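Enquirer: Next comes the sequence, and after it the predicted model I'd like to discuss.
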Amino acid sequence: MSDGLAELRQFAASIERVTEGAYDEVDAVIFKGAMNMKREMVADIKKSKHFVGKKGPGFESSITFEEHNTKDVIRRELGPDKSRPGGALGNIYYFGTSRGGGSGDIEKPINSEAPRLIGAIQKLVEKWAGQL
Amino acid sequence: MTGDALAAGFEALITGVTVYKDRVPATPTFPYVFVVTNFPTVAERSLARSAAARKLRSRTQVVGLTAASVRIVAQKLTDALEGNRPEVPGWVLGAIESVGNDQQLLPDEDVTINGQHPLYQPFDWVLTGSQS
């Protein structure tokens, strides 16, 4: 008759195997989400009559994202980079000036992406559960 | 019970400061608050897909000739809106909440008044409610 120790060891090994790759798998999902949001932000700016670059890369080319991962947190920061051409227009495009404006919708890309991102994370969790 | 009545009820709470709606006149009186309020969009649906809750978004630009005047008006605006509930017939409303936008108090370099640029800071607000 088993004392359960062998099963417990096997379960612990399964958890270790799953958690070993989990960080990279979640990171890949977040990376893809950030890339999709960046593409949507660029596409939105390209629809703007006033903010798109007329003779070459303009404000739309300033949209970038940076990785701010730590041991416990997976994070991307996305938006206009002020050091790039047109990047200083970001606050005017999204938040306007003293006389109004601010036609860009900064929340639209995350609202579009959130359901896809949550779905992808749910699939990962289901996969991990199946490996235990 | 219209979305317009809701927006008007929201904007009516902003008192004690100069308020411009929809557009800023060519020679505004400083300091002022410029407010643009959206039509409420559906925030939540019932299982039958009818609109269960709607969200009203509003952006206010607080504009002054000095940083101190912007901060003083911003305080008045916050006192008028944050946590308050407008009373609008036909609506059951929650409390107004500010939404962080990480925007700094900046000079508007496109406008010059007596040789100086006015300063402004945008504030975003949301109000969630349902039609009764």
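Expert: All right, it came through fine. Numbering: from 1, shown residues only, chains lettered A, B, ... in the order given.
Enquirer: The residue lying farthest from the centre of chain B sits in which helix or strand?
Expert: Residue distances from the centre of chain B (Cα atoms, centre = their mean) peak at B:A48, which lies 32.2 Å from the mean C-alpha position. Here B:A48, judged by DSSP states H and E, is contained in no helix and no strand.
Enquirer: do B:A8 as well
Expert: helix B:3-12.
Enquirer: Mind giving me the packing neighbours of the helix or strand just after that helix?
Expert: Sequence-wise, the next helix or strand downstream of helix B:3-12 (DSSP H and E) is strand B:19-21. When contacts are defined as 3 or more Cβ pairs under 8 Å, 6 or more residues apart in numbering or on different chains; DSSP states H and E, strand B:19-21 packs onto strand B:32-37. C-beta coordinates here come from the backbone N, C-alpha and C atoms, glycine included.
Enquirer: quick one on the thing from earlier: check whether the helix holding B:A8 comes near chain A.
Expert: No: under the criterion of Cβ under 8 Å from any Cβ of the partner chain, helix B:3-12 makes no contact with chain A; the nearest approach is 14.5 Å.
Enquirer: For chain B, which segments are assigned as strands?
Expert: Along chain B, counting by DSSP state E, strands occupy B:19-21, B:32-37, B:41-45, B:51-64, B:91-93, B:97-99, B:106-107, B:119-131.
Enquirer: chain center to the first one, what's the gap?
Expert: Just to be clear, that refers to strand B:19-21. 10 Å (Cα atoms, centre = their mean, to the nearest Å).
Enquirer: do the same with the shortest one
Expert: When distances are taken as Cα atoms, centre = their mean, strand B:106-107 is centred 19 Å away from the chain's centroid.
Enquirer: could you give me the average pLDDT of it?
Expert: The predicted model assigns strand B:106-107 a mean pLDDT of 93.
Enquirer: Any idea how many residues pack against residue 24?
Expert: Here I'm looking at chain A. Counted with other Cβ atoms under 10 Å in any protein chain shown, the neighbours of A:D24 add up to 9.
Enquirer: meant chain B actually
Expert: B:V24 has 17 neighbours, counted by other Cβ under 10 Å.
Enquirer: what about whatever residue of chain A ends up closest to chain B, distance to A:E7?
Expert: Residue of chain A nearest chain B, by Cβ to the nearest Cβ: A:S98 (4.0 Å). Applying Cβ to Cβ, to the nearest Å, the value for A:S98 to A:E7 is 68 Å.
Enquirer: Between these two, tell me which one has more neighbours.
Expert: In this view A:S98 and A:E7 are compared by other Cβ under 10 Å, and A:S98 has more residues nearby, 27 against 10.
Enquirer: Contact partners for the more buried one?
Expert: For A:S98, the contact set (Cβ atoms under 8 Å, 6 or more residues apart in numbering or on different chains) comprises B:24, B:34, B:61, B:63, B:108, B:111, B:118-120.
Enquirer: if you set the cut-off to 6 Å instead, what comes out?
Expert: B:61, B:63, B:108, B:111, B:118, B:120 (Cβ atoms under 6 Å, 6 or more residues apart in numbering or on different chains).
Enquirer: Over to A:I106?
Expert: Counted by Cβ under 6 Å, 6+ apart, A:I106 has contacts A:Y94.
Enquirer: try it again with 10 Å
Expert: A:41, A:44, A:78-80, A:90, A:93-95, B:101, B:124 (Cβ atoms under 10 Å, 6 or more residues apart in numbering or on different chains).
Enquirer: what do you get for A:E113?
Expert: A:E113 neighbours (Cβ under 10 Å, 6+ apart): A:32-37, A:39-40, A:120.
Enquirer: Quick check: pLDDT value at it.
Expert: 96.
Enquirer: do you know how far it is from A:G21?
Expert: Counting by Cβ to Cβ, the gap from A:E113 to A:G21 is 23 Å.
Enquirer: burial count for A:L8?
Expert: The number of residues near A:L8, taken as other Cβ under 10 Å, comes to 10.
Enquirer: ok, residue 105 - how many residues close by?
Expert: I went with chain A, as the question did not name one. 13.
Enquirer: looking at chain B here, not the other one
Expert: Count around B:L105 with other Cβ under 10 Å applied: 14.
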